[in-house]
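1. Attaching a predicted model along with its sequence, questions to come.
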Amino acid sequence: MAREEAIFRIGGAAGDGVQSAGQIMGKTLSRSGLHVVTYLYYQDIIRGGQSWYQIRGSANEIKSQGDGLDILIALNKDALTRHTNPKINEGGASPLQGVAIFDKGISGYEAVDGVTYCAMPLAEIAAKYGSNKLMKNTVALGAAAAASGLSFDVMSDVIADTFEGKGDVIKQNQDAAKEGYDYFSQHFKKLEITLKTSNRKRMLMGGGDAVGLGAVMGGLKFYAGYPMTPASSALHFLASHASKYGVFVKLPEDEIAAINMAIGGNYAGLRSMTGSSGGGFSLMVEALGMAGMMEVPLVIYESQRSGPSTGLPTKTEQGDLNLVLGASQGDFPRIVLSPRNVEEMFYMTAEALNLAEKYQTPVILMSDLYLSENYATVNDLDLKFKIDHGERAKDNTEDFKRYLDTPTGISPRAIPGQAGLVHNEDSDEHNEYGDVVSDAVTDPRDRIRAMNKRMRKMETYIKSMTPTPTYKLDGAEYAIVQWGSTQGVVEEVVDALKEKGHKVGAIEINRPFPMNPDIGKLLEGRKKVIVVEGNYTGQFNRLLKSEFLVKTELITKYDGENFYPSALAGEIESVIKR
Amino acid sequence: MAREEAIFRIGGAAGDGVQSAGQIMGKTLSRSGLHVVTYLYYQDIIRGGQSWYQIRGSANEIKSQGDGLDILIALNKDALTRHTNPKINEGGASPLQGVAIFDKGISGYEAVDGVTYCAMPLAEIAAKYGSNKLMKNTVALGAAAAASGLSFDVMSDVIADTFEGKGDVIKQNQDAAKEGYDYFSQHFKKLEITLKTSNRKRMLMGGGDAVGLGAVMGGLKFYAGYPMTPASSALHFLASHASKYGVFVKLPEDEIAAINMAIGGNYAGLRSMTGSSGGGFSLMVEALGMAGMMEVPLVIYESQRSGPSTGLPTKTEQGDLNLVLGASQGDFPRIVLSPRNVEEMFYMTAEALNLAEKYQTPVILMSDLYLSENYATVNDLDLKFKIDHGERAKDNTEDFKRYLDTPTGISPRAIPGQAGLVHNEDSDEHNEYGDVVSDAVTDPRDRIRAMNKRMRKMETYIKSMTPTPTYKLDGAEYAIVQWGSTQGVVEEVVDALKEKGHKVGAIEINRPFPMNPDIGKLLEGRKKVIVVEGNYTGQFNRLLKSEFLVKTELITKYDGENFYPSALAGEIESVIKR
Amino acid sequence: MVELKDYKGHVAPDWCPACGNFAQLTAMEKSLTELGIEPKDVVVVSGIGCSSNLPEFIHAYGFHGIHGRLLPVASAIKWGNPKLTVIGYGGDGDGFNEGTQHLYHAARRNVDMTYIVSDNQIFGLTTGQASPTSPTGLKTKTTPDGSVEKPVNPMTYALSAGATFVARAFSGDPKHLQEVITEGIKHKGFSFIDVFSPCVTFNKLNTYDYFRKRVYKLTDNDRKDFQQAYKFAEEWNEKIPIGILYQVDEERYDQVDPVVSQGPLIDREPYRLTQEDLKEFL
Amino acid sequence: MVELKDYKGHVAPDWCPACGNFAQLTAMEKSLTELGIEPKDVVVVSGIGCSSNLPEFIHAYGFHGIHGRLLPVASAIKWGNPKLTVIGYGGDGDGFNEGTQHLYHAARRNVDMTYIVSDNQIFGLTTGQASPTSPTGLKTKTTPDGSVEKPVNPMTYALSAGATFVARAFSGDPKHLQEVITEGIKHKGFSFIDVFSPCVTFNKLNTYDYFRKRVYKLTDNDRKDFQQAYKFAEEWNEKIPIGILYQVDEERYDQVDPVVSQGPLIDREPYRLTQEDLKEFL
Ligand SMILES: Cc1ncc(C[n+]2csc(CCOP(=O)(O)OP(=O)(O)O)c2C)c(N)n1
Ligand SMILES: Cc1ncc(C[n+]2csc(CCOP(=O)(O)OP(=O)(O)O)c2C)c(N)n1
Ligand code: SF4
Ligand code: SF4
Ligand SMILES: [Mg+2]
Ligand SMILES: [Mg+2]
C-alpha cells in the first residue's frame, strides 16, 4: 500500500523566503481537502543561518509534524546536505527518503541512497518571469506539487490569494510555478504516494491566529501586549484585525504596563487581555497577584519557549509551568489552561475570558512555540458562544458589599459608572465592603474570612470542571500523561504502540491547575504512569505527584524541539519494558 | 514552683512609642542574662490604630513568643481592655493574667479576674522630668521592672545607651524610670515569678540585623535594595553601617534595577546582594533567571509577609515558597535557604554568599516578618568564616572556556579586567565558550550539554548537604515537619506534647530546595507526618509530597500572626487523635 | 446637584495629624463637587504609599493598586470608558521611582486624565527612606550621612515627556491647590500636578515652613510658552514657582487611535464572528 | 600597543547586510583602539535586540543580558570596578521602552559610562513592531494603519534627566560617528549617544537616504549651553543636528557616595568582624 501522506520540507537561510514558500505549500494542501500540520524550524536571526519549514499533509487525520520526509526543497547547498544526511541532528527530524528539488547551480554534494536528486534550472526559469530572486522558490513549489501528484490549479489559486493586490506579481508567480510543475513532470518521476485530495477545503490556522480569533469570539475589547516570541503571533493577528473586530490593541512601554492596562480595562468593564512569553510574563508577576487579590478578571496568554532567560528564543519548550503556578506572593485563586491543539486554542481563549469574569480572577492560557507559531488544519468552527459576564450587582443595591461572602466565593461585581455601588478595590487585605483591614486594627477573623472567600472560588470552579479528556485509555495498563501541545504526538504514539500490541492510552491535561480530581481515578490501577513533557525537571510531573501521590516515569525533552512520534514511541517502549 | 519566665506586653497606638519602650525592656532582660524573644504586632499605619510589643524573658532557653501574659503596660484604654479581654482576638495572643500598668487617667474599664490593676500617675511623674510625652512610657518601664523583680541598675544602663549622645535626656529618663520603679514597689506587689538573672549579658539581635551582619561576615561589598517591609530591617542595618563595614548600599529606582545591579556587581567580582519581600521579589523574577543562565552568583534575601499582593504589609506569612521556587521561565539551578532563627539568619547569610559564588547561581535566603522584624537573644557568635570565591580561572588560561563542561557542573569564572580571559556571558543559550548557539544553527547537542552542565551543579550541591536537622525525632511516631521561622514554636510544642506522653519529634527544614534526600529516610515509618506552615494551601507540603510521595497531615495558619505554642499543640493533638 | 458631603468616605483618613495629604483630599473633593461631577463617575487610582491610601477615604470608585503602577491602570480605564473622570494619585516614590517609565509614556500619549503626586520628598509609609525627590543632603534611614543624589525634577521631567498640563501646588496653600486641581481636571489631556506635601513625621527638612518661605504663585505666565515653562520648572532653592507652568491643547491618544476614536469601547457590542470571517483561513 | 584587530571577535556579526549596527561596531572598536584601552579592561553590556547582540561580536568582556536592563548592570560594574571602561549598547525598544526608567536614573546619577543606543525606530529582532521612536504614521506589524503615538525624543529625555554628555550620530557617517563615540568614552560621567541606525529589513521609512537628507553636523555649538542644546534637541523633520549637543563636567555618583568614593570596591579587602563589633547588640 502506498503511503497516504506526504511530508514536504523547505530548507534555506533566514531571509530566503522559506516561510512564505511553506505557507503556500500548506495552503495548497489544506485547500486540496487534506489535513495539514506544519512546523517551522528557525533561529534568532533575521538573515542567514539555517531554517526550514515542514508541511505534512494527509487525507487521514494527522496530529503532529510526523516522521519521515518525502520531498525536500533545498534553497542552498547546506540545506541539501543537511536534510539528506542520515544522521541529521535537528532534534528528531527525519532525513530525506524521496525527492530533493534544488537549483542545478548546487553541486558537489554527496549523493545518499534513497534520495532522488532533482537538480532543476530554478533560477533560470524564475528569471523569465521577473527579477525577484525569491521567485525561484515558486518554481520549486510547482515542482513539489508535481512530485506529490497534487493538481496545479489549487496551487495556482493559493498563489493568486497570496499575492493579492500585487498586480502582475500574481501572474508571474503562477507562470513560474507552472513551469516548475511541468519541468518536474517532464524530467522526473512522481513519488509513490497517494494523497486523497477532495473538494472540501480545510482551514489552515496558526496557533496565534486561533488565540486572536477565539478572543474576538469571547468578546475581547482590549489587548495590551509587548511583543515577545512566540506570543507575538496573537498580537499581530489582533493588531491587523483591530479595526475590523473593534479590538483596541496597545503596545505599551513594557509588560508591566501591559498587564496593568489589561487589569485597568477589566476593572472598567471591558474584556481585556495581555500576553507574552516567559520573560515578559516574569515582569507581570506582581500585578497578577493584584488581580487575584482585588478580584479583577484577567486573561494572560503565556506562550512558552526554550528557557531559562532569553534561552533559545525561537525554540519550543514546556518549561514555564512552575513560573505560572508560583507567580506572585501568597495564595490566591488562579486557573491555568493548556489547550492541546490549534482548534482548542480557539475555543479555550474564548472560554478563558468567560472564566476570568465568572471567577473574577486571573486565568492563564498556556501555549508554547510549537503550538503558537505553527499551522494546522482545524475542523469547522462552532461560532455560537455565549459571553457570560458573571455576577454583576444591580445599580443602587442596598448595603452593597463588593466582596460579599457567598457560598460560591463569587461576589457580584460593580463597574465604575454604576450608580449606588461606589466602593474601593484594594490590593491590601479588605473586608466585604472593600475597606482595608490592615490600617487600624487587624482582626484576624476578617483576614481569614477574606482568604476563605477568595479560595472558595477554586472549589466552585473544580466542581464545574468537565471530565478530563483521555485517548484510548480503556483497558490501558500504561497511562501516558501529557499536557498542552504534545497531544498530537502522544496520540500518534498511542496508536503506533497499540498496533504493536502494547496496552497504552493517554490522559490529556488541558486544565493543569487546579487539577481535576477525576485524574486520580484515571491513574488508578495502571502498571505504569508515564509523564511526557518538554522540559528538564518534569514540572508537570511534580504537580501530578504532589496532587495524587502517584509514582511516575518521566520522559522529557529539552533540546528546543518538539517530540517526534517514532522517537517518543521508542522511549515509551523502553519504559514499558524496563 | 514559681514561673521561671515573664511575658511583658506594651500596648498602644502607632506613634505612642510602643516599639522603643519594648526595645528597652528587651535589652534590660537580655543584659540581665536572660534569653529573650520579642514580638511586635503592628499595622500599616504611621499614627493611631493598635500596636503592641511583647517581650518574653527567661533563664531557660525559650524559642518562641510564648503563651501567657504577665505584665501589661497599657498606653491607652483600648490597650487595657483589649489585652485583658479573655477573648482577645489577635491571632493567638493570650489575655493578661497578672499585672496591668497604666496611667491613672484611664478609667471606666471593666475589671477582669486574675488581673491586678496598677493605675499609676505615669504622666504626672513623667512631667517632673521633662516635657516629652513619651517619657511616661519610661515610668511604666520602671514599674514593669519592679513588678517582675528585675534590678533597676540594668535598666538604667540600657536607658543610658538608648539615649546616648542626647545629653540631659538620659538622666531625665533614668530618673523617671526610677520613680516608676519605686512607685510600683511601694504601692503594688511584685509578681510571683522568678527570673534567674545573671551577669552574663546576652546579645539581643533583630532578624534584619543578623542578615546584615552575616552578610558583612560573608564579605558583602554591595547591597542594592528598594525598601519593602519586612526586608527593610536588613537594608536599614546595612545603610547605617555602610561606612563602617565598607559596604556600598544603594536604593535604586525599583527592584528591577536592584537585582540587575546586584547581578552587575557580582559579575564584576564584588559580593553583591539584593533583598525584598514578595512584591518586590516578583519584580526580580526575570533577572533571577538571567543570573541562573549566565551563571552569575547572586544572593536574594526574600522576607515574606501576608499576601497576596499588598496583603497585610505588617503581618507574617510563609506564602512565597511557590513564588521563589517557580520564579523565572525554564529550568535552572537555584538554592533556597530558610534559616530557622535569628542566629541561623546570621550564619546562613554568610553561607549564602559562599554558595552563590561556589555554584555560580542564585541563592534565595527566605525569611518572614516574624523572623526579620523581631528580636531574640543569640548565643556567642563564631566570627571565623572562610570566604570561598569558588573556582576562578587563572589569567591567560589557554583556550579559556567560561562554561567548561565539568563533572561538577562548575566552570572556573573569569572577572572583567583579567588578562587573556576575555569572553561573552549571555542570557541566550550558549556553548562552553559563551558563544550563542541560537543564532545560526541550533545544534540540539549544544543545548542539551549546556542544560545538563548547569543542572549538574544541583547534584553537586545535594551531595555536599549536611544532614537535615531534627528535634527529638528518635522514636517519634509522629513527625512534625516545619520550615523556616516556625522552628521555635514547633520545638516548644514537641516538648509540651512529649511531656503529655505523645511520641512526637520534628524535622526542621532550613534548606527547602533542592531537598536533601535524607528527608525521605527521616519520614519513613512514621504513623503520621504532620506539616506545619504559615500559609493557606500548604506550599511546602506540596513540595514535600511531590518529592517523597508521602501522605501528610497539614496544619496551616494564615491570619497574619505566627503560630502560638499552646494553640498549635492543641491542633497537633487532634491530628494525632483522629 | 453634587454636594461636598457626597464625596465623604465612610472610612476616616488615618494619616498623621497635619500630614500634607489631608489638604489634597479636601481639595480633590471640592474640585469634583464644584465641577458637578458625580462620585459614581469618578475613579481614583493609586499606588502604594501613605498618599496612595486616599481612595479608601473618598467616596468615589477607588482602585488602590500596587506600588508605581497607577498610570497604566488609569490609562486603560479612561480609554475604555471616556465618560469617567479618572484621577491618579500617589507618592513621589511611587511616581518617580517605581513608576518612572509610566509617567513618561502616559504623558507623551496625552492620556486624558489628571495625575496628582503627593510629593513629600521621602518614602512615608515605609518609615522614611530617601525618595527620588529627596534633596541632596537629606538624612534618612537609607542615607544616614545625607542623600548624595541629584533629585528628580518632576516638572522638567513631565515637560520633556510631553505632558500638556504641568503644574505645581502646595498643601500649605489649600485654596490655590484646589484651583490648580480644578484646572487639571478640566484640562483635556494629561494633567500632571506635583504637590509639595509635607511629611510631618519623617521629613524634618521639607516642612510647611520650608515651602512657605520659598513658594510664589505664577499668575500671568504664558502657559503656552514651553521655554518659559521650562525655566520656571528649573527654579528651585530660594524661590519656587507654584501654579500652572504649562498648558496646551493637543490631540489626545483617544482621538488618534483608530479603534478608541470610534466611540466608547464600553458601550460597543462585541463583534460577532460569522463563517464569512473564517474565509481568510481557507 | 592596542591594535584594531585586538577587538575582532571570533564570532562574525549576523546582522542583515547593510544594517546600521555594523558601523557602530566598527566605530566602537576603532575608538577603543585609538584610546589605547585594552580589550580586557572593557565591558560591553547590552540588552536584547538585534543591536544588543553586539557583545557577541567584539573581543571584549561582554554581558548580553535581558531586554531593557543594561543600565543597572553597567552602573554596578563601573561602581564596583572603576578601572573598567563600561559601554552600554542596545536598541531603541530596549532603552526607551523596557528600560525607560533606568535611563533617567542612570543619567541623573551621572554614572561614569557611555550608553549608545542603536536607534532604528523599530523593533528589529522581533521582526518589525512599532518602537517608542517610530515616527507617527509608520506602518508596522503592530500599527498596520500607521503609528499614532508622538515618538520619544531621546535627546530631550536625556537632557531633562541630567545626562552630562548628550549626543547624536548616524551610522551613515561612520567617521563622525566614531568621533562622537571617542568623545563619549573620554567624557567623565554619563555619556548618552543616540545613533540613527537604519534597519534595512523592517523600517522602510527611516533609511540611510532619509537621514542623509536631513542630518547636519554641529560644529561650533556651545556645548555647555543647556538651553541651546535643548533647542537643537527639539529640531526634527527637515533638519536634524548630529554631534555633541551638550557636555558639562559635573560630580559623578562615584565621587559623592560615601563608600564608593573611598576607592575601588573591587580592591578592598572585606571587613573582618570582631567581637568588638557585636557590642552594639549587648
Ligand atoms: C513593589 C513594591 N516595592 C516596595 C514596596 C514598599 N513600599 C510601600 S510604600 C513605598 C514608598 C512610599 O513612598 P511614596 O511613594 O513617596 O509615598 P508616601 O508614603 O511618601 O506617600 C514603598 C517603597 C511595595 N509596596 N511594593
Ligand atoms: C522582557 C522581554 N520582553 C520582550 C522581549 C522580546 N524582544 C526581544 S528584542 C525586542 C525589541 C527589539 O527592539 P530594539 O530594542 O529596538 O532592538 P533592535 O532589534 O531594533 O536593535 C523585544 C521586544 C524580550 N526578549 N524580553
Ligand atoms: S508618615 Fe508622613 S506622609 Fe505618611 S501619613 Fe504621616 S505625615 Fe503623612
Ligand atoms: S532586522 Fe534590521 S536591525 Fe535587525 S539586523 Fe536586520 S537590518 Fe539590522
Ligand atoms: Mg513620598
Ligand atoms: Mg530598534
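-> Looks like it arrived, so ask away. Ligands and ions are numbered 1, 2, ... in the order given.
2. Spell out the residue ranges of the strands in chain C.
-> C:42-46, C:61-64, C:85-91, C:113-119, C:122-123, C:129-130, C:165-170, C:190-196, C:215-217, C:240-247 (DSSP state E).
3. What is the neighbour count of whichever residue of the stretch 101-250 of chain C sits closest to ligand 6?
-> Residue of the stretch 101-250 of chain C nearest ligand 6, by CB to the ion: residue C:105 (16.5 Å). All C-beta atoms are positioned from the backbone trio N, CA, C, and that covers glycine. As a burial measure, residue C:105 scores 24 neighbours (other CB atoms under 10 Å in any protein chain shown).
4. in terms of contact, does it touch residue A:257 like I think?
-> Yes: counting by CB atoms under 8 Å, residue C:105 touches residue A:257, with 7.1 Å between them.
5. Can you pull the residues that touch both of these two?
-> Residues touching both residue C:105 and residue A:257 (CB atoms under 8 Å, 6 or more residues apart in numbering or on different chains): residue C:71.
6. Which of the strands of chain C sits closest to ligand 4?
-> Among the strands of chain C, strand C:190-196 comes nearest to ligand 4, with 31.6 Å by CB to the nearest ligand atom.
7. That closest one versus strand C:85-91: what angle between them?
-> Orientation note: strand C:190-196 sits at an angle of 40 degrees relative to strand C:85-91 (axes from the mean of the first three to the mean of the last three CA atoms, to 10 degrees).
8. avg pLDDT for strand C:190-196?
-> Averaged across strand C:190-196, the pLDDT comes to 98.
9. Just confirm yes or no for that strand near ligand 3.
-> No: using CB under 6 Å from any ligand atom, strand C:190-196 never reaches ligand 3; the gap is at least 11.9 Å.
10. Give me the sheet partners of that strand and which way each runs.
-> strand C:113-119 (parallel), strand C:165-170 (parallel) (DSSP bridges).
11. Please see if that strand touches ligand 1.
-> No: figure legend: strand C:190-196 not in contact with ligand 1 (CB under 6 Å from any ligand atom); closest approach 10.9 Å.
12. of all the strands of chain C, which lies closest to residue D:259?
-> Across these, residue D:259 has its closest neighbour in strand C:129-130 (15.0 Å, CB to CB).
13. from the stretch 51-200 of chain C, which residue is nearest to ligand 1?
-> residue C:91 (2.3 Å).
14. quick one: pLDDT of that residue?
-> pLDDT at residue C:91 comes out at 98.
15. What residues are recorded as beta-bridge partners of it?
-> residue C:118.
16. Tell me how many other residues crowd residue 101.
-> Picked chain A for this. Around residue A:101 there are 29 residues (other CB under 10 Å).
17. The chain in question should be chain C.
-> Applying other CB under 10 Å, we find 28 residues neighbouring residue C:101.
18. Setting aside sequence neighbours, what's the nearest residue to it?
-> The spatially closest residue to residue C:101, leaving aside those adjacent along the chain, is residue D:100, at 3.6 Å (CB to CB, 6 or more residues apart in numbering or on different chains).
19. how close does the one you found sit to residue D:142?
-> Separation of residue D:100 from residue D:142 (CB to CB, to the nearest Å) stands at 18 Å.
20. Tell me which of those two has more neighbours.
-> Between residue D:100 and residue D:142, counted using other CB under 10 Å, the more crowded position is residue D:142 (26 against 23).
21. interface residues of chain C facing chain D?
-> Within reach of chain D by CB under 8 Å from any CB of the partner chain, chain C has these residues: C:100-101, C:104-105, C:108-110, C:132, C:145, C:148-150, C:152-153, C:156-157, C:159-162, C:227, C:230, C:253, C:256-258.
22. One more pass at 6 Å, please.
-> Taking CB under 6 Å from any CB of the partner chain as the contact definition, chain C meets chain D at C:100-101, C:104, C:108, C:145, C:148, C:150, C:156-157, C:160, C:162, C:256-258.
23. Please enumerate the helices of the stretch 1-150 of chain A.
-> For the stretch 1-150 of chain A, helices defined by DSSP state H, counting those that start in this stretch occupy the ranges A:18-31, A:77-84, A:122-129, A:135-148.
24. Can I get the first one as CSV, trimmed to CA atoms?
-> Presented in CSV, the C-alpha positions along helix A:18-31 are these (Å, rounded to 0.1, in the frame of the first residue of the first chain):
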residue,chain,number,x,y,z
VAL,A,18,11.4,29.7,3.5
GLN,A,19,8.4,30.6,5.5
SER,A,20,6.3,32.2,2.7
ALA,A,21,7.0,29.2,0.4
GLY,A,22,6.0,26.9,3.2
GLN,A,23,2.7,28.7,3.7
ILE,A,24,1.9,28.4,0.0
MET,A,25,2.5,24.7,0.2
GLY,A,26,0.5,24.3,3.4
LYS,A,27,-2.5,26.2,1.9
THR,A,28,-2.3,24.2,-1.3
LEU,A,29,-2.6,21.0,0.7
SER,A,30,-5.4,22.2,3.0
ARG,A,31,-7.4,23.6,0.1
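25. do you know how far the closest residue to residue A:48 other than its chain neighbours is from chain D?
-> Counting by CB to CB, 6+ apart, residue A:13 is the residue found nearest to residue A:48 once chain neighbours are left out, at 5.1 Å. Plainly put, residue A:13 is 10 Å away from chain D if you go by CB to the nearest CB, to the nearest Å.
26. what do you get for residue A:295?
-> 29 Å.
27. so what's that residue up against?
-> residue A:360 (CB atoms under 6 Å, 6 or more residues apart in numbering or on different chains).
28. For it, what are phi and psi?
-> When quoted as degrees, to the nearest 10, the phi and psi of residue A:295 stand at phi 60, psi 50.
29. Nothing else from me, thank you.
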